[in-house]
Structure formats: structure tokens, C-alpha cells
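A.B. asks: what's the 3D shape of this:
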Amino acid sequence: MGADQLAAIRPALVEVYDAPTDDWCATLEIPGTDFWVQVVRGTLNASYPHTGDPLERFKRLASQLPDVKLTDWEADTYATFSHGECSPRDLAKAVDFMLLLLLGDESADYELDVTMQQM
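C.D. replies: Numbering: from 1, shown residues only. Purely as a prediction, here's the structure:
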């Protein structure tokens, strides 16, 4: 987990949670890869280039976010999780963790493209 990545992730999450409506989404993508995480209030949706159970691969999410539940997934495509209320800092750490697992290197430094959109 790098300070640069958290510094890029956290403001986008604050913007999603401070928006006047629940229909804002932050998409965080690692350029040059197919790895991304989308954040909407109470939900994380991530690319999932695997066939096995996402809860097993992302099991540390349960220790980072309250009430994490796998709500939907499709093998080799995406995994969607709901979660309880948490701080932007904790949520940013969870997003960083997911991106590092997708990269397959928990010590990787990575660039990040962030886009905001109203759905």
C-alpha cells in the first residue's frame, strides 16, 4: 500500500460519499491493464479475472470493511460487494488492497486513473 495510491483514491471516495445523491460512481483504473474498481455508496465493484470464489480471494476485505457481503459476480468478469458504513480512509485502503490483489503483487506501486460519473 502506497501513500501515493491512497492519496489518489481517497478524494474520489470522499466525493462519492459527499455527493447530494446516491448515484455517483468513482472508477479507479490501473492504466495498461484490465484492472478496475468502482465505488458507489455502500458498494465495491471490481474486475475479476478469476474463476474461483471472490470471497476467498478477497477474504481480507472482511477485516477491513464492516459487513462485507458478495452480492454478485461473474467468473472472469466482475465481483460486486456490499459493505457497511466506514471511513473514507478505511475504504481507500480496501480499494488499494483489491487493486494490489488484481495486480498479483501486494507491494506494487501503480499509476491510477480516476473518473467520476453520475449514473
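A.B. asks: ok, and what's touching the helix or strand of the chain at the bottom of the mean pLDDT ranking?
C.D. replies: Within the chain, no helix or strand scores below helix 61-64, which has a mean of 81 by mean pLDDT, DSSP states H and E. Helix 61-64 has contacts (CB atoms under 8 Å, 6 or more residues apart in numbering) with 44, 68, 81, 83, 90, 93-94, 97-98. C-beta coordinates here come from the backbone N, C-alpha and C atoms, glycine included.
A.B. asks: ok, now stretch 110-117?
C.D. replies: Here stretch 110-117 has contacts from 5, 8-9, 12, 15-16, 24-31, 99-100, 103, using CB under 8 Å, 6+ apart.
A.B. asks: Can I have the buried ones of the residues you listed as a PyMOL selection?
C.D. replies: What follows is the PyMOL syntax selecting those of the contacts of stretch 110-117 that are buried according to 16 or more other CB atoms under 10 Å:
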select buried, resi 5+8+9+12+16+24+25+26+28+29+30+99+100
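A.B. asks: Filter the contacts of stretch 110-117 down to the ones in strands?
C.D. replies: Taking DSSP state E, the ones among those that sit in strands are 24-29.
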